[in-house]
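Q: With the sequence up front, the predicted model follows.
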Amino acid sequence: MDNIGYTALTRQSGLMREMQTVANNIANSSSTGYRREGVIFSEYVQRLDKGDASLSMATANARLIDLQQGALTQTNGSFDLAIEGDGFFMVEGVDGPLLTRAGAFTPSAEGELMTPDGLRLLDAGGAPVFVPPDAGSISVASDGTMSADGRPLTQIGLYLPSDPNDLKHRDGVRFAAPGGTEPVLEGTSILQGFVEGSNVNPVQEITRMIEVQRSYELGQMFMEKEDERIRSVLQTVVK
């Protein structure tokens, strides 16, 4: 296969990845705290032996996570929390702490605040957030301070990845930050009784899906025409 074929094939592979990413965005357009993803295309040029032309190939392995805030919906739930500004809640994952903007929590039988699938919410010190089972009124201040019946209990932690480009999607609405995290010190507040929706615009994603599909079809047509051209040349040479 010549350079043209390699270039077209790697482009098709990248478009397929982008199609999968767009489809995943659409599927999660109503998921609480979901962050839209995009695919980044880049070119890889390899110098070959002296006298040979260089080999150029496209890759689409890098993913861009859109951190723009989603719309807030009022629920009036005591343990429904939304972040206004930058930052993430931290929950205790199986393989280490995870970041999330999905703030719908419920207390366990032991009094620990947990995600719907059983991961514990962590406070500013990295310890599980505990709510006394006999607490009457729960309030959460804008700085994350949680109080029960007017008595402060703990401060819910807010964190940012040390490198925003280092975030890795895990389980849809959660992220790993291999490069580490830093506490959010100012400019962000927590709203009690609200949850944040997905930041996906379904109309824009469907439009992008159509564009990617058309680009893929054009690439497929090009490869078929190129195959026909090569076959025609080989048949002429053999004759």
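A: All right, it came through fine.
Q: helix or strand right after the helix or strand of the chain with the lowest mean pLDDT?
A: When each helix and strand of the chain is scored by mean pLDDT, DSSP states H and E, strand 55-65 comes last, with a mean of 72. In the C-terminal direction, the helix or strand that comes right after strand 55-65 (DSSP states H and E) is strand 72-74.
Q: For that following strand, name the packing helices and strands.
A: Secondary-structure packing of strand 72-74 (3 or more CB pairs under 8 Å, 6 or more residues apart in numbering; DSSP states H and E): strand 194-196. To be clear about C-beta, it is placed using only N, CA and C from the backbone, and glycine gets the same treatment.
Q: So what touches the strand it packs on?
A: Under the criterion CB atoms under 8 Å, 6 or more residues apart in numbering, residues 32-33, 69-75, 77, 80-83, 101-104 lie in contact with strand 194-196.
Q: at 7 Å what do you get?
A: Residues from elsewhere that reach strand 194-196 (CB atoms under 7 Å, 6 or more residues apart in numbering): 32-33, 69-70, 72-75, 80, 82-83, 101, 103-104.
Q: and which of the residues you listed is nearest to Asp166?
A: Proximity of the contacts of strand 194-196 to Asp166, judged by CB to CB, is greatest for Arg101, which lies at 16.6 Å.
Q: I'd say that closest one and Gly87 touch.
A: No - assessed by CB atoms under 7 Å, Arg101 is found out of contact with Gly87, at 8.5 Å.
Q: Now the buried members of the contacts of strand 194-196.
A: Buried by 16 or more other CB atoms under 10 Å: 32-33, 70, 75, 80, 82-83, 101, 103-104, out of the contacts of strand 194-196.
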